[in-house]
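1. have a look at this fold, sequence not included:
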């Protein structure tokens, strides 16, 4: 709901439980008023008459209170907008008008030839904010154009939550006290990155189910930056947007515009769990394509075959996959060009004639005849120097003139900011998806930007933004032309996970680390912001030869992967009949609980810090608990679990034990009988009776 004061200078957006308010002073300064529990318009108007503090001459009364700080004038905080022309630098803007349509608020400002519009939209309790800069004057350079600055209420202390990591160890949660100065996270790698997810949360004393939590998440899949600043008067602001530094985003000629990605914010008084559930509901309702449709159980051939693949070998794997209940069969790397290793073939997106003499269609038809969908792996933004594409167009890659072209994983990055590269990839991928009945594409990105140059381009810095915009446009165009094809975002695991790519893909590859024990912490961090509906997780072979050699039971591997979108990635031709039979039972069980896992409300019952960890999903009158016992020492009994999200006045029956519990129950016997020793796991289903 959007409300506007009679004087047209105070605006209030409200969701079911929260409100967000801004005010324009008589001097045309846009100030932040409120973000938190729901208030009335009269409350916002009362906040608007409070005078600013008199801090001059060494502090600015605007700092920490201004809604969107620009560079220039009486401001000392980090600017969200920095603009340069041949004549001047900075912004001296004046208010023009406000517009309200379809519950979106637009506040329009002008500075000589620039029109600057701040956009606001409340979706449930998530505030979406973004900015449009339009130039109708002389050429202007956008050095920085952040999506939003968020202002937090005055508190004595704040604690910062973030997700950090590296390849094979993504999305690990860390919480630390916020101190004076700035905490900056981001990526200067050209993609979202394994090192940080573009999300932060702040609280004072929240627990998993109680207390205020403020969270912000950026919808951008390239380089990005979020700065959390505690100012000298203890006020806290969060500023974020595309690009890591202030060296330049774009040049805008007369008539050109730039629209920033969305920077979404959420207030919750339900603790970290309540905030997560609100983020998950928002993404299922407004971000993820076809979120009401459950994702199928898939098999991926990579760990079974790597590059040594053949059509008949894939058929043999497909038959075994279908027999255990798999619904989507995916041929990974190695099906195209001269791709017999990671040294050649990227860029040549036609089936290898020796491995697939008649193309992919015969295999896809056979997979469909087995009752499964058919998918493939691609890495469109990359090229091997040993490829027909690179030999024909060596100038299509990012490179600095006179410098060595850095190869990582034996590949270079194509410059998708170029229109000819965009046209080539459209022709290749559209042709590929038209040549065979392909239902799914795993879209990978296996190296970072290094030599991000564009010889001959007057403003080569623009490739950092335009590359990402071209990826988005290509995905949008392919989805429109092939509406039945699902896409997965992958970047060497979790290197491209954010709200921007998630709005164009059906699921994401969480990590290349498929060890079921390591995955518990990765998945716990992932769940702080993103829902299980998009979190791909595989069951692979034991011992885990890809990473650490750890031995784990098939039971533990399956229950770990069943916390998200279940997949199988082991070599099924080496599994025993007993293992295949057990796998068939686990897949069948997952299909039963899938609506709860992928569309239910998540409750993190115990974090994965050793001993017992567990998550619970609730949907309607049903609940399911996935529990893992990492280790058991000194004969200590397995602790009971207090379930959440159930009706405390109702009774629930546990299908595995026959026990009947009240809604606010301690789940006890089912755990103690189902979990014994190290690396054990269990699934318990409850239904209201």
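-> Done, it's in. Being a predicted model, the structure only gives us computed values, none of them experimental. Residues are numbered from 1 along each chain as shown.
2. the helices in the stretch 251-400 of the chain, which residues?
-> Along the stretch 251-400 of the chain, the segments classed as helices by DSSP state H, counting those that start in this stretch run 271-286, 302-305, 311-323, 361-369, 388-392.
3. tell me which of those sits nearest to residue 564.
-> Closest to residue 564 of these, according to CB to CB: helix 271-286, at 12.1 Å. Glycine gets a C-beta too; all of them are placed from N, C-alpha and C.
4. sorry, back to before: can I get the helices of the stretch 251-400 of the chain in CSV including distance to residue 106 and mean pLDDT?
-> Output for those, formatted as CSV (distance: least, CB to CB, whole Å; pLDDT from 0 to 100):
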stretch, distance to residue 106, mean pLDDT
helix 271-286, 19, 98
helix 302-305, 47, 94
helix 311-323, 51, 97
helix 361-369, 47, 98
helix 388-392, 43, 98
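5. so can I have TSV of these showing mean neighbour count and distance to residue 136?
-> Shown next, in TSV, are the helices of the stretch 251-400 of the chain (neighbours: other CB atoms under 10 Å; distance: least, CB to CB, whole Å):
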stretch	mean neighbour count	distance to residue 136
helix 271-286	21	32
helix 302-305	20	51
helix 311-323	18	56
helix 361-369	17	51
helix 388-392	16	40
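6. out of these, flag the one nearest residue 552.
-> Here helix 302-305 is closest among the helices of the stretch 251-400 of the chain (CB to CB), at 14.8 Å.
7. what residues does that closest one touch?
-> Contacts made with helix 302-305 from outside it, assessed by CB atoms under 8 Å, 6 or more residues apart in numbering, are listed as 313-314, 317, 332-334, 377, 514, 540-541, 546, 569-573.
8. which among those residues end up buried?
-> 314, 317, 332-334, 377, 514, 540-541, 546, 569-570, 572 (16 or more other CB atoms under 10 Å).
9. okay, who's weakest in these by pLDDT?
-> Lowest pLDDT of the buried ones among the contacts of helix 302-305: residue 546, 81.
10. pretty sure that residue sits against residue 540.
-> Yes: when contacts are counted by CB atoms under 8 Å, residue 546 is listed as touching residue 540 (7.0 Å).
11. who touches both of those two?
-> 303, 514.
12. ok so, going back, so which of the buried ones among the contacts of helix 302-305 is the closest to residue 6?
-> residue 377 (58.6 Å).
13. contacting residues for that closest one?
-> 302, 330-333, 335, 441-442, 444.
14. max pairwise distance over these: which two?
-> Pairwise across these, and taking CB to CB, the largest span is found between 302 and 441, at 14.6 Å.
15. helix or strand right after the helix or strand of the chain with the lowest mean pLDDT?
-> When the helices and strands of the chain are scored by mean pLDDT, DSSP states H and E, strand 666-667 comes last with a mean of 73. Using DSSP states H and E, the helix or strand that follows strand 666-667 in sequence is helix 669-674.
16. may I see the buried residues of the next helix or strand after that next one?
-> Counting by DSSP H and E, the next helix or strand C-terminal to helix 669-674 is strand 680-688. Of all the residues in strand 680-688, those buried under the rule 16+ other CB under 10 Å are 680-686.
17. cool, and stretch 97-115?
-> Those would be 98, 105, 107-112, 114-115, for stretch 97-115 by 16+ other CB under 10 Å.
18. stretch 454-467 now?
-> 454, 460-467.
19. do stretch 434-451 as well
-> 436, 438-450.
20. and residue 419, how many residues sit next to it?
-> 10 (other CB atoms under 10 Å).
21. roughly how far apart are it and residue 426?
-> 10 Å (CB to CB, to the nearest Å).
22. and if you look at residue 74?
-> Distance of residue 74 to residue 426, computed by CB to CB: 49 Å.
23. what do you get for residue 521?
-> Distance from residue 521 to residue 426, by CB to CB: 39 Å.
24. when the two are compared, which one has more neighbours?
-> Ranked by neighbour count (other CB under 10 Å), residue 521 and residue 426 place residue 521 first, with 20 against 16.
25. pLDDT score assigned to that one?
-> The model's pLDDT for residue 521 equals 98.
26. same check, this time on residue 348
-> 98.
27. please report phi then psi for it.
-> phi -100, psi 90 (degrees, to the nearest 10).
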